[in-house]
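K.L.:
Just the structure for this:
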Amino acid sequence: MTLVARRMERLRSLATEIEQELGGSALVVAADLADDYSRQRMADSVSASGRSVEILANNAGFGHSGDLARSDTERQLEMVRLNVEAVVDLCGCYLPGMVERGRGAIINVASTAAYQPMPGSATYAAGKAFVLSFSEAVSAEVGGDGVTVSALCPGPVRTEWAEVAGMGDVEQRTPDMLWMSAADVAQEAVKGAERGRRVVVPGLLNRVGAMAGQHSPRALALALPLVRRIWNRT
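P.N.:
From the prediction side, this is the model:
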């Protein structure tokens with residue numbers, strides 16, 4: 001197992017926990033996946049370790065709360081580099097080896113935000129829509145190669161995401177029934193990948209919401225100001 005993130009101390013703590021519970025060893029690589037040079041160094045480290053990537057989980061990402069006209073453009077571009085560019089780069093790096101071996105799985109973390117525009121989080125939702133579309137298309141491309149590609153589309157998850165996005169009180173403003181734990185979401189992701197599902201939406205209410213967003217006519221864009229008020233209180 002290889003763990004990649006920016007903060008080495010957290011990686012080492014997680015690696016120790018995994019090794020104690022599951023045995024084996026976990027390689028830790030500190031890397032900023034929003035940076036192409038850092039991604040290349042990470043790939044070089046994995047290659048030098050002699051490990052092959054059988055399962056790739058693209059989970060790195062962050063969100064943002066605020067209208068585009070009032071937001072830092074560089075922060076928006078950084079979001080695209082991490083949430084979109086890194087997903088394409090890492091899939092392009094490790095998918096060929098999976099196809100050659102005739103086995104493997106990729107889980108790309110999208111979001112239920114992928115199913116509708118989100119004023120106040122425009123770049124985030126658009127990026128997740130890309131991840132969803134990209135994953136479904138690549139899944140079809142490798143359908144006969146023994147490799148599965150799944151887009152994971154969770155709703156609200158109890159992590160640091162909201163705090164980083166500047167929406168620290170969103171948990172208090174949304175119904176508790178919509179929230180899931182990271183462990184439950186991860187379990188659903190693994191089950192979905194094992195079953196070869198292209199899209200995994202954990203939670204019944206999230207599945208209903210995703211279906212509504214996917215099949216609603218664009219004329220319902222008139223409801224976007226309501227989405228904005230609920231999500232961002234602006």
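K.L.:
hmm, which helix or strand of the chain has the shakiest average pLDDT?
P.N.:
The element with the least model confidence among the helices and strands of the chain, by mean pLDDT, DSSP states H and E, is helix 224-232, at a mean of 50.
K.L.:
how about the strands in this structure?
P.N.:
Under the criterion DSSP state E, the chain contains strands at 2-5, 27-30, 55-58, 104-109, 147-152, 199-200.
K.L.:
strand partners of the second one, parallel vs antiparallel please.
P.N.:
Pairing partners of strand 27-30, with direction, according to DSSP bridges: strand 2-5 (parallel).
K.L.:
and the nearest residue to residue 46 once chain neighbours are set aside, what does it touch?
P.N.:
Spatial nearest neighbour of residue 46, excluding adjacent residues (CB to CB, 6 or more residues apart in numbering): residue 2 at 5.6 Å. (Glycine included, C-beta is placed from N, CA and C.) By CB atoms under 8 Å, 6 or more residues apart in numbering, the residues touching residue 2 are 26-29, 46, 49, 51, 53.
K.L.:
ends of stretch 25-32, how far apart?
P.N.:
End-to-end span of stretch 25-32 (CA to CA, to the nearest Å): 22 Å.
K.L.:
State the mean pLDDT of that stretch.
P.N.:
Mean per-residue pLDDT for stretch 25-32: 90.
K.L.:
Ok, stretch 124-138 next?
P.N.:
97.
K.L.:
Which pLDDT does the model give residue 13?
P.N.:
Per the predicted model, pLDDT is 89 at residue 13.
K.L.:
Now do the nearest residue to residue 86 once chain neighbours are set aside against residue 93, distance only.
P.N.:
Closest residue to residue 86 apart from its sequence neighbours, by CB to CB, 6+ apart: residue 33 at 4.4 Å. Residue 33 sits 11 Å away from residue 93, going by CB to CB, to the nearest Å.
K.L.:
Mutual contacts of those two, please.
P.N.:
Common contact partners of residue 33 and residue 93 (CB under 8 Å, 6+ apart): residue 39.
K.L.:
if you count what's nearby, which of those two comes out ahead?
P.N.:
Counted by other CB atoms under 10 Å, residue 33 and residue 93 do not tie: residue 33 has more neighbours, with 23 against 17.
K.L.:
can you pull the contacts of that one?
P.N.:
Listed by CB under 8 Å, 6+ apart, the contact partners of residue 33 are 4, 39, 42, 60, 82, 86, 90.
K.L.:
With residue 59 instead?
P.N.:
Neighbouring residues of residue 59 by CB under 8 Å, 6+ apart: 107, 109.
K.L.:
and this structure, what are its domains?
P.N.:
1-30, 33-232 (automatic domain parsing).
K.L.:
Pick the most deeply packed of those.
P.N.:
A comparison of the domains of the chain by mean neighbour count, using mean count of other CB atoms under 10 Å, puts domain 33-232 on top with a mean of 17.
K.L.:
Out of the contacts of residue 33, which sit inside helices?
P.N.:
Among these, the ones falling in helices (DSSP state H) are 39, 42, 86, 90.
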